[in-house]
Structure formats: structure tokens, C-alpha cells
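Asks: sequence and computational prediction follow.
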Amino acid sequence: MNDYNAVRCRIAPSPTGVLHIGTARTALFNYLFAKKNGGKFFLRIEDTDKERSTKEFESEIISSLQWLGIHWDSEVTRQSERAELHSAYLKKLYSAEKIYYCFHTVEELSAEGHQAHICEYRDLPKEEVERRLKSGESTSVMRFKTQPDAFVVFHDLIRGEVKFHSRAIGDFSVAKNINEPLYNFAVVIDDADAGITHVIRGEDHISNTPKQILILGALHDATGEEKFKQPVYAHLPLILGSDKSKLSKRHGATSVSEFRDQGYLSEALVNFMALLGWNPGDEREFFTLEELVHEFTIEKVQKSGAIFNQERLDFVNGHYIRQTSVDELTKLCLNIPSAHTPEMKDDEYTRKIIALESSRL
Ligand code: GLU
């Protein structure tokens, strides 16, 4: 177990889309956990997927987090700026024979359903590998040599003991090639370098965790570097729509900016998100961010999916709107492009409408 006095958490969004409410909730829980324990919270942009990542999505994610009031410590880091380091560690694992080149073509892999659990290239003699590489033979991925008959067990702060058999993990891919790591590899290096003590993320990542634990162990063995030690993990329940399926576009708005543009206040969204999967253990419904920091305990996060209840969000928003002055509401409305109508001739006129309607907003 790590020392709670030196807690370091992070949110690591991929800029391949706008900030989803699920990622925002994960950011909030990391922030609350870090601040509750007097620790630090970092923002790392995971932009290694060059085809899908954009600077526009990165700016949108940053401004949405700022709008919510979830502030990070230190500079934003970007995975793409750390490519040389990732590559250096891939080379170390390759020299230590912890990973190997897979010479299956991408087409062969997809025909097989990609999950070649143990690939026949695993034990290809090094000289033969070098010969093939020199002759220009292409590789599809680099794979991790998973021990065939073992368990990976870890303690999850929310779910308790979690156990995976190595058969279910197989020789998973860690990189496209020696210069292009894939998510599971890059995340381990970046978390270790940032001294992350607690990895709190969505339950959809739970099957990545044993892979990351295996990579950590291999890096520790190959380099002897102390930073490669296992963080504490906590996997948050998914956010579900009212029909209990994973929250998606067909349920309505899913991104923070959509909620903002529909007129939800950041205080309301923060309150609502905090109670998606966590509760203070009593009937209280409204909290400032400071109060949430004070109240938050990861042990009170539930295991089962958290249902997104639109009526509750509207109710919470109504509460915060009624607490907001007419001047402030006018300013907020004027900032929402979709709220502009031809009737809003000027700011003073808008103010009058809001004063008349504020109890019904
Ligand atoms: N980039 C990953 C995501 O957005 C990060 C997952 C993690 O927290 O490790 O899902």
C-alpha cells in the first residue's frame, strides 16, 4: 500500500472526442480523492493515437475541466512528447526478452480475431528476428511474453480482490513497433514517471489492469528502477442510461459542453456527477466542491452501475439556478449561444425576461 500522505492521482483523457460525462466524473473522483488526502491531481493528455487525436479536442477537454472547476496541479503533460522515453523502455524490455516481435500481418491477425494468445513467434531465435527485420519483413505488433499458467491478483479499493488467469490475458500487444507504444505500455511508463500512487478509472479498464501490472513487473525486473512499483487501483462503476445500458448518445447529451450549452450550471453538474456512484451515507443532496473534498471517501463508491437520472439533474440544476442572482443568470444566458433568441434584443431586455422567469428556470 502506498502512503496516503503522498497521494498522486491523474486523469488521462484521449483527445479523440469531447469531454464525456464519464471521464469528467472520473476526473472529479480523482480530484476529490487527491485533495481529501492532501495529495496532487494531474492532467495527462493521451494523444498517441495520431489518426484520431486533435488539438481541438484537447482544448475542448481542458476548457470543460476548467469550467467544472476541477483544477490540476502542474503543467499538462502529453504522451506524444514522451515518445523517446517510451521507445527507450521498449528497447530495454526487448533486450531482456520480455517482449517479442510478431510477424503476423495485420490481415492475418484480424482474420484470427486478433487475439493470438500465444504466438508462434514468441520463441523465434534473436538472430532470426534480426535477420527478418533487416530484410525488411514487416511486423504487426510487439507482444508481451505472458507466463502461461499464472494468476494476476490485485486489490481494488472498490471491488476488493480481483483475479485474472494469464490464459485470459495471453501474449497481448504492447507496441506497434519499437517506436510506437500502445496504450497499456505508455500508460505504465507515464504513471511511473509521474509517481502516480492511485489509479482511479472506469471499470471498462479493469481488463487492462493485469496487463499493466505484468508490464510494471517486467520493467522492474529489466531495469531495477524503483519507480516501477504497483499503484493502488480503483475501478469506478460505469454510468448507465435509464434502460441500464451504457450511457451513450441515444440517451441524450453525454458531453460536458453539451450540458453547459443546454443551460446546466457547473455547480449542478459537479453535484450530480459526485452522486453518480458515490453517496455521503446520509440524506444530504447539495455540496460545494470544498464540501465534497471534505466528505469524499472511495470506500463509499458503489460497485454496481450508476444510473443517469435526467430528472434529478434538472432538479439539482433548479436548486442552483434559484441560488444564482438575476445579474449572474443574465451573464450565463448571454454566454450560451443556443440560448440566444431574436427576443433578446439587448442585455437589459434579457435581464428583465430573466427576472420575470427566474423562478421557472
Ligand atoms: N486514455 C485512457 C482513456 O481515456 C486512460 C485510461 C486510464 O486512466 O488509464 O480511457
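Replies: Yep, it's here.

Asks: list the contacts for the residue nearest to Glu299 when sequence neighbours are not counted?
Replies: Leaving aside its sequence neighbours, Glu299 sits nearest to Leu157 (C-beta to C-beta, 6 or more residues apart in numbering; 7.2 Å). (C-beta placed from N, C-alpha, C; glycine too.) Leu157 sits next to 198, 200, 232-234, 298-299, 301 when contact means C-beta atoms under 8 Å, 6 or more residues apart in numbering.

Asks: can you select the buried ones from those residues in ChimeraX?
Replies: Typed into ChimeraX, the line below selects the buried ones among the contacts of Leu157, using 16 or more other C-beta atoms under 10 Å:
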select :198,200,232,233,234,298,301
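
Asks: could the contacts of Leu157 go into a markdown table alongside distance to Lys126?
Replies: Formatted as a markdown table, the contacts of Leu157 follow (distance: C-beta to C-beta, whole Å):
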| residue | distance to Lys126 |
| --- | --- |
| His198 | 38 |
| Ile200 | 40 |
| Val232 | 37 |
| Tyr233 | 35 |
| Ala234 | 40 |
| Ile298 | 45 |
| Glu299 | 49 |
| Val301 | 47 |
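
Asks: just give me the closest of the contacts of Leu157 to the ligand.
Replies: Ile200 (8.1 Å; C-beta to the nearest ligand atom).

Asks: mind listing the helices in the stretch 251-361 of the chain by residue range?
Replies: Remark: helices assigned in the stretch 251-361 of the chain by DSSP state H, counting those that start in this stretch are 256-261, 266-274, 289-295, 310-322, 326-334, 347-357.

Asks: for the stretch 151-300 of the chain, what lies in contact range of the ligand?
Replies: Counting by C-beta under 6 Å from any ligand atom, the residues of the stretch 151-300 of the chain close to the ligand are 187, 201, 205.

Asks: tell me the one of those nearest the ligand?
Replies: Distances from the ligand to those, taken by C-beta to the nearest ligand atom, are shortest for Arg201, at 3.7 Å.

Asks: and the closest one, what element?
Replies: If you go by DSSP states H and E, Arg201 is part of strand 198-202.

Asks: so what are the sheet partners of that strand and their directions?
Replies: Within its sheet, strand 198-202 is paired with strand 232-236 (parallel), according to DSSP bridges.

Asks: what's in contact with the strand it pairs with?
Replies: Outside strand 232-236, the residues touching it (C-beta under 8 Å, 6+ apart) are 1-2, 25-26, 29, 154-159, 197-203, 205-206, 209, 277, 298, 301.

Asks: which of the residues you listed are buried?
Replies: With neighbours counted by 16+ other C-beta under 10 Å, the contacts of strand 232-236 contain buried members at 2, 25-26, 29, 154, 156-159, 197-203, 205-206, 209, 277, 298, 301.
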